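1. What follows is a protein structure lacking sequence information:
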């Protein structure tokens, strides 16, 4: 495979090994081959140039997982422009709402050209009214071309992607990534996971999400077939997804922790006959904290259907570092460490056993070329087993935030190190994530991680599909736990959560609130939108 980390993303895609690398779209029963990708990408590139697009500008892409998406992506990159994949509208039937949402992103990024498809034709006229001068290319209708009439060749340090953060604890920000950063962000996981053209991928994460985008690029650059479905298909029919994985010999699939909960629960409930997951060697688990309970459930339940014991592979990353900071070593069963909660809040790892312990899953060692360190609040680098803020440095680092100001710059990048905002520690060279700094809750002078509270609450009977979020009521210095439930006796569910949090964590006055299922706000990849929840609970001024 291509291993030149100094090249461009276009080079990495076009020089992929083998003759496979098909993109299979089961919902439309269509296939895009590698032989078709180049000419279709050239067609998009030619249409962009004809409409006045120039090297260096940011071109928006608004497409779902269809055969037009990969050519649109490669076509933008081919002319030397950067690509920004826009979030798909949540309310497709309301064209004015769709246009409002899209216009906000287009103005933020400064997009002059948009590549889209027939699906969004109805929204284009209201969108043009909101964004005068916007030019649109329909990738569904671009004829293939054998060559592109341009003399510009992008370089490794040119910007390739403007990727938006997930917006879990703040409003999404545009992250500017160079070709060099994206190539490293793609090829480092390929090397760690020993991916080859013989692998088979299954992709359901939205392509405007960093894990979704990188997942597609990994399959393109490593040259293996990948099956792409919509997020709703996977989330609504997890048992069908499992059967599909088995029937098509999928070897690699990525998702956040909640996705594996759904798969394990679907298999436990149905116990399907004939399900064979024996080829699924990489179940990458990242994007939110990896739950030990989920690891056990997946290993036990899906293991009965052939899932290898070392398939569950924890990973840690963020958009600012081109998605991947760590991926655990292949074929190793996930490892956990049980530590004292109070000591961890004070900055120390103290091993304990029993109910008083807090079990944390190792995210594995940093990817090749990546460094991770831990610092305290004063910026002092901590030794192994010191708990503090995780910082990362390496070749996949972003150039900047879009429209970055000096305050943002000084608060995020320091001497080449990215301040992740995550708390954690290193043990035996492996990264352990203990939660977000912003999710730390102070209760009567004691530091409590929101993730600790959620870990306890989600296992209380009556909590719908483990859906719960803990935040701080700063005025009252109390923990607020919001849980979804479908039970009629909500008071009993709330009391069960209150009792469990009191017994396990010593927090006796937690404010537990029950809500209907699907009330808690999520990002498109399934992570909880904590800032949005704070706004709902406490109002705009207390959301931060």
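-> It's in. Predicted model only: the values in this text are computed from it and were never measured. Numbers count the residues shown, from 1 in each chain.
2. Is residue 367 in contact with residue 328, as I believe?
-> No. Here residue 367 does not reach residue 328: they are 10.6 Å apart, not a contact under Cβ atoms under 8 Å. In this view, the C-beta of every residue, glycine as well, is placed from N, C-alpha and C.
3. Now do the longest strand anywhere in the chain: everything it contacts.
-> Ranked by residue count under DSSP state E, the longest strand found in the chain is strand 417-427. The contact list for strand 417-427, computed with Cβ atoms under 8 Å, 6 or more residues apart in numbering, reads 169, 318, 320-321, 325, 337, 349, 362, 372-374, 382, 384-393, 397-398, 411-413, 431-438, 440, 449.
4. And the buried ones among those residues, selectable in ChimeraX?
-> Of the contacts of strand 417-427, the buried ones go into a single ChimeraX selection, burial set by 16 or more other Cβ atoms under 10 Å:
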select :169,318,320,321,325,337,349,362,372,374,382,385,386,387,388,389,390,391,392,393,397,398,412,413,431,432,433,434,435,436,437,438,440,449
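5. Take the contacts of strand 417-427 and keep only those in strands.
-> 337, 372-374, 388-393, 413, 431-436, 440, 449.
6. Quick check: mean pLDDT of the helix or strand hosting residue 177?
-> Assigned by DSSP states H and E, residue 177 falls within strand 174-178. Mean per-residue pLDDT for strand 174-178: 93.
7. what comes up buried for the very next helix or strand once past that strand?
-> Counting by DSSP H and E, the next helix or strand C-terminal to strand 174-178 is helix 179-192. Going by neighbour count (16+ other Cβ under 10 Å), the buried part of helix 179-192 is 179-190, 192.
8. could you give the angle of helix 179-192 to strand 174-178?
-> Using axes from the mean of the first three to the mean of the last three Cα atoms, to 10 degrees, one finds that helix 179-192 and strand 174-178 are set 80 degrees apart in direction.
9. C-terminal to helix 179-192, which secondary structure element comes first?
-> On the C-terminal side of helix 179-192, the closest following helix or strand by DSSP H and E is strand 200-203.
10. how distant is that next one from the center of its chain?
-> Chain-centre distance of strand 200-203: 16 Å, with Cα atoms, centre = their mean, to the nearest Å.
11. now do stretch 255-269
-> That offset, for stretch 255-269, works out to 17 Å (Cα atoms, centre = their mean).
12. In that stretch, which residues are buried?
-> So for stretch 255-269, counting by 16+ other Cβ under 10 Å, buried means 255-267.
13. Please apply the same query to stretch 237-252.
-> 238, 239, 241, 242, 243, 244, 245, 246, 250, 251, 252.
14. Which residue ranges make up each domain of the protein?
-> 9-154, 237-436, 444-542 (automatic domain parsing).
15. State the distance from residue 485 to residue 61.
-> 39 Å (Cβ to Cβ, to the nearest Å).
16. Could you do residue 175 as well?
-> Distance from residue 175 to residue 61, by Cβ to Cβ: 16 Å.
17. Surely residue 84 forms part of a helix?
-> No. Assignment of residue 84 by DSSP: H, G, I helix; E, B strand; the rest coil gives strand, placing it outside any helix.
18. Just list the residues touching it, thanks.
-> Counting by Cβ under 8 Å, 6+ apart, residue 84 touches 58, 59, 60, 61, 105, 109, 111, 161, 162, 163, 164, 174.
19. Looking at those residues, which are in strands?
-> 58, 59, 60, 61, 161, 162, 163, 164, 174.
20. Closest one of those residues to residue 68?
-> residue 61 (9.5 Å; Cβ to Cβ).
21. Counting by contacts, list what the strand holding residue 177 packs against.
-> strand 159-164, strand 400-401 (3 or more Cβ pairs under 8 Å, 6 or more residues apart in numbering; DSSP states H and E).
22. So in that sheet, which strands flank it, and in what orientation?
-> Applying DSSP bridges to the sheet, strand 174-178 is found paired with strand 159-164 (antiparallel), strand 400-401 (antiparallel).
23. Tell me which of those is the most buried.
-> Highest mean neighbour count among these (mean count of other Cβ atoms under 10 Å): strand 159-164, with a mean of 25.
24. what separates that one from the chain centre, distance-wise?
-> Mean-position distance between strand 159-164 and its chain equals 15 Å (Cα atoms, centre = their mean).
25. what do you get for stretch 215-232?
-> Distance, centroid of stretch 215-232 to centroid of chain: 14 Å (Cα atoms, centre = their mean).
26. Compute the first-to-last residue distance for that stretch.
-> Start-to-end span of stretch 215-232 (Cα to Cα, to the nearest Å) is 18 Å.
27. Buried residues of that stretch, list them for me.
-> Within stretch 215-232, the residues scored as buried using 16+ other Cβ under 10 Å are 215-231.
28. which residue sits closest to residue 305 in space, ignoring its chain neighbours?
-> Excluding the flanking residues, the one nearest residue 305 by Cβ to Cβ, 6 or more residues apart in numbering is residue 275, at 4.3 Å.
29. and residue 489, how many residues sit next to it?
-> By the measure other Cβ atoms under 10 Å, the count of residues near residue 489 is 11.
30. Report the separation between it and residue 172.
-> Distance from residue 489 to residue 172, by Cβ to Cβ: 38 Å.
31. next one: residue 518
-> The gap separating residue 518 from residue 172 is 21 Å, by Cβ to Cβ.
32. what's the answer for residue 420, then?
-> 16 Å.
33. Between the two ends of stretch 432-452, how far is it?
-> Between the opening and closing residues of stretch 432-452 lies a distance of 14 Å (Cα to Cα).
34. Show me the contact partners of stretch 270-277.
-> 239, 242, 243, 245, 246, 267, 302, 305, 306, 307, 311.
35. Provide a list of residues in contact with residue 533.
-> 469, 471, 482, 520, 521.
36. Over to the second one: give its phi and psi.
-> So that's residue 471. With angles defined as degrees, to the nearest 10, residue 471 sits at phi -140, psi 170.
37. close enough to count as contact, residue 318 and residue 164?
-> No. Using Cβ under 8 Å, residue 318 makes no contact with residue 164, being 11.9 Å away.
38. Noted, bye for now.
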